[in-house]
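Participant: sequence first, predicted coordinates after that:
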Amino acid sequence: MNSQFRRTLAVLLAACAGTAGLTACGSSAGDGSDGKVTITVDCQPPKSDKADRDAWNADVAAFEKLHPNITITSIDKFPCEEPASFAAQLRGGTQADVFYAYATDTDQVVNSGQAADITPYVNDRTVPGLSDVDKTTLDVGRRNGKLYSLPRTNYSMGLVINRKLFRQAGLDPDRPPTTWAQVQRDAKQIVDKVGNGVAGYADYSAGNNGGWHFTAEMYAQGGQVVNADGTKATFNNATGRAILERLHRMRYVDDSMGAKQNLAWADLLKLASAGKVGMYLGAPDTIKAIHENFKGDYADFGMGPMPGVDGPAPATLGGGDQYFFSKTLTPAQIRAGVAWLAYEELTPGKGQFDYARGKRIGQTVGQPEPQLFTGGTGDRVEKLRADNATIPVDNYAAFREHPVPFRVEPANAQAIYKVLDTAMSAVLTNPHADVGQLLDTAEQQVNQVLATS
């Protein structure tokens with residue numbers, strides 16, 4: 001290849017990658033060769049969720065009107081990701097052009113070789129407000145300096161409280177506990193003052209949820225569950241012991257966690273909706289689930305920051321989901337996908353952030369999630385959210401006003417959580433649980449998981 005041809009090709013490729021206009025750079029029908037681009041996008045809301053589905057379809061129509069050379073073909077796929085079928089699609093290369101995945105699947109997707117490097121296509125022109133996107137969230141999709149995905153949502157965990165039970169116990173619901181010592185104290189006060197089978201504090205220990213929460217509690221006390229390169233367990237230490245010993249004391253000394261244990265995700269939320277749980281760890285979307293799935297009242301619940309040792313935690317567990325781009329796409333198709341995601345997922349007042357429409361069609365507006373933006377863009381989103389709120393936003397004031405940086409889940413998270421479930425279950429169901437032995441066993445098993453992954 002002579003030098004003149006290389007320089008010409010480089011200029012053309014740079015123009016394709018960087019331009020905000022979606023001109024043709026592809027080579028086959030539907031990829032821009034005729035000036036028109038078609039892309040498939042999965043995670044269209046299900047028909048059973050009429051409000052969200054109608055909103056999605058309206059957004060597709062509005063986007064295509066703005067970009068008449070782009071056609072979005074929505075794939076009705078719910079749940080958006082099912083692990084077994086997702087892995088099979090990656091192996092066979094049959095995923096959508098723009099495909100959904102959990103944040104914890106980034107390594108799986110990148111290592112499969114099925115995702116395109118979108119670094120040249122993403123900048124402040126193609127994604128307005130990019131510089132205000134939360135760095136931790138955006139970096140979830142980055143490997144070895146290359147960007148492979150754009151975020152759809154994120155979450156971070158805090159302390160969910162039942163405001164009604166707090167008042168009944170003589171506690172101030174506008175000042176949730178910010179330390180674990182306060183959590184333990186207030187949980188006992190709720191049980192002592194309210195009674196009636198109420199658990200002052202509840203935690204998970206089944207369905208991999210116990211290990212998930214143990215990880216969150218390690219982060220909240222400055223620890224980690226695995227080392228930086230993901231090769232060794234790091235929870236068998238004073239921090240891990242303190243977490244399990246505290247739960248054991250709350251369960252068997254304070255009697256502040258109730259007799260019903262081995263709770264999986266829905267089990268705890270069902271109890272909370274019935275007014276039987278004073279506090280639990282969770283993200284804002286758990287309150288939405290309590291309302292939508294179990295008819296709980298938004299007014300009864302609020303949130304504070306993740307508790308730490310001496311105040312709000314130095315870190316909390318967070319995560320979310322994202323969209324990747326198939327490696328088979330042409331530059332024109334990638335640009336079309338970036339433009340769609342910028343419109344639908346990353347623009348204040350549009351797509352998922354069209355809170356005025358959300359209020360009008362009966363969606364829940366006002367929860368502090370997702371928190372995709374910082375800076376001026378974040379301020380715009382928060383104002384739109386507050387101006388169109390359909391729930392009591394002040395119930396989340398303590399959570400909003402004490403933001404805690406989040407860390408993403410470890411690689412091989414579900415396998416690790418499964419092991420740690422056993423330790424969580426033991427300290428909540430066995431009055432004679434040996435915390436040291438539980439951690440020794442869990443460490444050995446997690447190291448086996450890491451060695452074979």
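Facilitator: Received, thanks.

Participant: residues contacting the residue nearest in space to the middle of the chain?
Facilitator: In the chain, the residue lying closest to the centroid (C-alpha atoms, centre = their mean) is G320, at 2.4 Å. Contacts for G320 (C-beta atoms under 8 Å, 6 or more residues apart in numbering) come out as Y102, A103, T137, V140, P151, R152, T153, N154, Y155, P370. Bear in mind the C-beta positions are built from the backbone N, C-alpha and C, glycine included.

Participant: ok, and the most crowded of those?
Facilitator: T137 (27 neighbours; other C-beta atoms under 10 Å).

Participant: hang on, isn't that residue packed against N154?
Facilitator: Yes - under the criterion of C-beta atoms under 8 Å, T137 makes contact with N154 at 4.6 Å.

Participant: joint contacts of those two?
Facilitator: In contact with both T137 and N154: G320, L372, using C-beta under 8 Å, 6+ apart.

Participant: give me the distance between stretch 256-265 and the centre of its chain.
Facilitator: Remark: stretch 256-265 is offset 24 Å from the chain centroid, using C-alpha atoms, centre = their mean, to the nearest Å.

Participant: and the residue nearest to the centre of the chain, how far is that from F166?
Facilitator: For G320, the distance to F166 equals 29 Å [C-beta to C-beta, to the nearest Å].

Participant: and V393, by the same measure?
Facilitator: 18 Å.

Participant: so which of these two has more stuff around it?
Facilitator: F166 (23 against 16).

Participant: thinking again about what came up before, dump the contacts of G320 to TSV, plus secondary structure, distance to G32 and pLDDT.
Facilitator: Compiled in TSV, the contacts of G320 are given as follows (DSSP: H, G, I helix; E, B strand; the rest coil; distance: C-beta to C-beta, whole Å; pLDDT from 0 to 100):
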residue	secondary structure	distance to G32	pLDDT
Y102	strand	30	91
A103	helix	30	90
T137	helix	30	95
V140	coil	29	94
P151	strand	25	98
R152	strand	24	97
T153	strand	29	96
N154	strand	31	95
Y155	strand	35	94
P370	coil	31	95
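
Participant: turn those into JSON lines, including distance to G170.
Facilitator: Shown next, in JSON lines, are those (distance: C-beta to C-beta, whole Å):
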{"residue": "Y102", "distance to G170": "41"}
{"residue": "A103", "distance to G170": "40"}
{"residue": "T137", "distance to G170": "39"}
{"residue": "V140", "distance to G170": "42"}
{"residue": "P151", "distance to G170": "42"}
{"residue": "R152", "distance to G170": "42"}
{"residue": "T153", "distance to G170": "37"}
{"residue": "N154", "distance to G170": "36"}
{"residue": "Y155", "distance to G170": "31"}
{"residue": "P370", "distance to G170": "35"}
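
Participant: and those, which is closest to K188?
Facilitator: Y155 (29.0 Å; C-beta to C-beta).
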